[in-house]
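Visitor: no sequence on this one, just coordinates:
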């Protein structure tokens, strides 16, 4: 399970990186066309805002948790005993998994509704709305699986070697 999850996170992070790179290239190209040639890309705003940005954010969630790169407040945490920290992590991961499970279910309903009603995003190109919503439940579901797996590992072993300790100093 751990290896499969790690591979899924790596694939999702690669897709997120490609998405962010495409955002940079499209926005730069659009700016050059807009200000040098007075001919902007008509479709860039919708593609970047509704698709690539969503992929870049939600596909990076689980990998960011695993690498310990999310926002941490460690003032009190550093003073607590390690065994107690593992149980605090279990509680917070369960709470987070519940919240992201609700996000997954709610946004999956949005995907299904947009698909059923054949919704499109208005703009220069009529992009399908369901495709914009699809990345949110996929990324959130991957994070839920990671959080629950992390809870199981913490509860059985006391430490999860696959997840970087939170709040480690930057290199």
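Guide: Received the coordinates, thanks. Note that the coordinates shown come from a computational prediction; the quantities given were computed from them, not determined experimentally. Numbering: from 1, shown residues only.
Visitor: Would you mind stating the distance between residue 80 and residue 162?
Guide: 22 Å (CB to CB, to the nearest Å). Using the backbone N, CA and C atoms, a C-beta is placed for each residue, glycine as well.
Visitor: residue contacts, residue 141?
Guide: Residue 141 makes contact with 100, 104, according to CB atoms under 8 Å, 6 or more residues apart in numbering.
Visitor: My guess is residue 83 contacts residue 154. True?
Guide: No - contact between residue 83 and residue 154 fails when scored by CB atoms under 8 Å: they sit 10.7 Å apart.
Visitor: so what's residue 166 scoring on pLDDT?
Guide: For residue 166, the pLDDT comes out at 62.
Visitor: low-confidence ranges in this structure?
Guide: 166-171 (pLDDT under 70).
Visitor: in it, which spans are strands?
Guide: 120-121, 127-128 (DSSP state E).
Visitor: possible to save those as TSV with mean neighbour count and distance to residue 87?
Guide: Shown next, in TSV, are these (neighbours: other CB atoms under 10 Å; distance: least, CB to CB, whole Å):
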stretch	mean neighbour count	distance to residue 87
strand 120-121	16	45
strand 127-128	16	45
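Visitor: out of these, which comes closest to residue 26?
Guide: Closest of these to residue 26 is strand 127-128, at 14.1 Å (criterion: CB to CB).
Visitor: Report all helices and strands that that closest one contacts.
Guide: strand 120-121 (3 or more CB pairs under 8 Å, 6 or more residues apart in numbering; DSSP states H and E).
Visitor: What is the strand it packs on packed up against?
Guide: So strand 120-121, by 3+ CB pairs under 8 Å, 6+ apart, packs with strand 127-128, helix 129-157.
Visitor: I figured residue 39 hits residue 33, correct?
Guide: Yes - with contact defined as CB under 8 Å, residue 39 counts as touching residue 33 (5.1 Å).
Visitor: Among these two, which residue is more densely surrounded?
Guide: With neighbours defined as other CB atoms under 10 Å, residue 39 and residue 33 compare such that residue 33 has more, 14 against 10.
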